[in-house]
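Q: Quick one, fold the following:
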Amino acid sequence: MKQPCPECELRAIQSSITKESLEREVSGMKYVEGITACESQFRKRIGVCEKCSSLVSQIMCSECGAYVLFRAKNKKSSCPRAKWAAQGC
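A: As a prediction, this is how the structure comes out:
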């Protein structure tokens, strides 16, 4: 039996990811001090990302390949273009 192509499988998975599905996942995350950014910091970060020329398909950063909603939610993450720092509430 022929093994599936990992690259093809990854493309199939990525094609099913939408901004709405990512928003559902992130909105279900609980605030954990030291790990997640608080809601106000998260919103500020996303506001910066939404105006950035590196944002692809409203969900991914072309600079680092991260889904911006997850990167913005992680307190220790920072913008690869230094538009916001690794900090949170």
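Q: Against K76, how distant is V32?
A: Distance, V32 to K76, by C-beta to C-beta, to the nearest Å: 12 Å. C-beta coordinates here come from the backbone N, C-alpha and C atoms, glycine included.
Q: Which of those two has more residues huddled nearby?
A: More neighbours surround K76 than the other of V32 and K76, with 11 against 8 (other C-beta atoms under 10 Å).
Q: A86 is in contact with that one, correct?
A: Yes: look at K76 against A86 with C-beta atoms under 8 Å: they come within range, at 5.2 Å.
Q: Contacts for the lengthiest helix in the chain, please.
A: Taking DSSP state H as the criterion, the chain has its longest helix at helix 39-50. Applying C-beta atoms under 8 Å, 6 or more residues apart in numbering, the contact partners of helix 39-50 are 31, 36-37, 55, 58, 61, 68-69, 71-73, 75, 79, 83-84, 87-89.
Q: same check, this time on stretch 76-86
A: For stretch 76-86, contacts defined as C-beta under 8 Å, 6+ apart pick out 35, 44-45, 48-49, 52, 54, 61, 63-64, 66, 71-72, 75.
Q: Check stretch 52-71 too.
A: Under C-beta under 8 Å, 6+ apart, the answer for stretch 52-71 is 17-19, 22-23, 25-26, 45-46, 49-50, 77, 79-81, 83.
Q: give me that answer again for 7 Å
A: Applying C-beta atoms under 7 Å, 6 or more residues apart in numbering, the external contacts of stretch 52-71 come out as 19, 22-23, 26, 46, 49, 77, 80-81, 83.
Q: Could you work out the end-to-end span of it for me?
A: 14 Å (C-alpha to C-alpha, to the nearest Å).
Q: What residues sit buried inside it?
A: Applying a neighbour-count criterion of 16 or more other C-beta atoms under 10 Å, one finds 55, 59-61, 66-69, 71 buried in stretch 52-71.
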